[in-house]
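[1] return a 3D structure for these sequence lines:
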Amino acid sequence: MTMHIAMLLFPNLTQLDLTAPYEVLTRLPGAEVSLVWKSLDSVSSGTGLRLSPTSTLRDAPPADVLFVPGGSGLVPLLRDPEILEFLRRQAATARYVTAVCTGSLMLGAAGLLEGYRATTHWAYHDFLERCGAIPVRQRVVVDRNRVTAGGVTAGLDFALRLTAELSGEPLARGIQLGLEYDPEPPFDSGVPERATPELVQIVLDRFAPARRGYDEQLPKR
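    All right, here's what the predicted structure looks like:
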């Protein structure tokens, strides 16, 4: 039985938000993954990697799993009626509605996190309440059929957790082993709680333009 997975593609996305979950989810039995955008023209990630859509918003089949990655390219989409309508239409019948990083804020802009526990990248976590979500500082948060994850590298954890939900833990464990996902980071500074205040500020300064964009486009509460 085919499992349709629709992954939103857009210019200036954070490619690992998309490609890490893609690497896992394409290994699910019967998975048919669509990279969905307004046209079939290739788009450039925030770091210049070219990615090609496989379906348009109009032609994408009803998704069993709807997925939104993050990236600064979401800012101009937060009030885009075509994107918002697509997300709402797909979410109405999807088995799971999901996001990694600031993709959660896109779901929130579409009204799809109202009353749900959710997470996002730590630097944007304060915007979750503006989306009607209940903010939770965890790497992956599952609340009913909403699955959200923290920033960028959390996409692998997210995809393995979602795989367990969809196809069982043994398959998820096997995919983890096949990918040799056994992280051993060289530095213990992956979250602000374990980084120096100076380093946290440097990263926040780098994200300041995107934060201003989300602040301007997300609804006020």
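[2] just give me the neighbour total for residue 215.
    14 (other CB atoms under 10 Å). No exception for glycine: its C-beta is placed from N, CA and C like everyone else's.
[3] secondary structure class of it, three-state.
    helix (DSSP: H, G, I helix; E, B strand; the rest coil).
[4] that one touches residue 124, doesn't it?
    No: Residue 215 is beyond contact range of residue 124, at 9.8 Å (criterion: CB atoms under 8 Å).
[5] residues in contact with stretch 119-131?
    Outside of stretch 119-131, the residues within contact range by CB atoms under 8 Å, 6 or more residues apart in numbering are 70, 99, 101-105, 107-109, 113-114, 118, 134-141, 148-152, 191-192, 203-204, 207, 210-211, 214-215, 218-221.
[6] from residue 109, how far off is the most far-flung residue of the chain relative to its centre?
    Centroid-distance maximum for the chain: residue 198 at 27.7 Å, with CA atoms, centre = their mean. As defined by CB to CB, to the nearest Å, residue 198 lies at a distance of 33 Å from residue 109.
[7] cool, residue 61 as well?
    Counting by CB to CB, the gap from residue 61 to residue 109 is 23 Å.
[8] looking at those two, which is more packed in?
    Applying other CB under 10 Å to residue 61 and residue 109 shows that residue 109 carries more neighbours, namely 24 against 13.
[9] contacting residues for the closest residue to that one other than its chain neighbours?
    Computed as CB to CB, 6 or more residues apart in numbering, the closest residue to residue 109 that is not its neighbour in sequence is residue 78, at 4.5 Å. Shown in contact with residue 78 (CB under 8 Å, 6+ apart): 105-106, 109, 214, 217-218.
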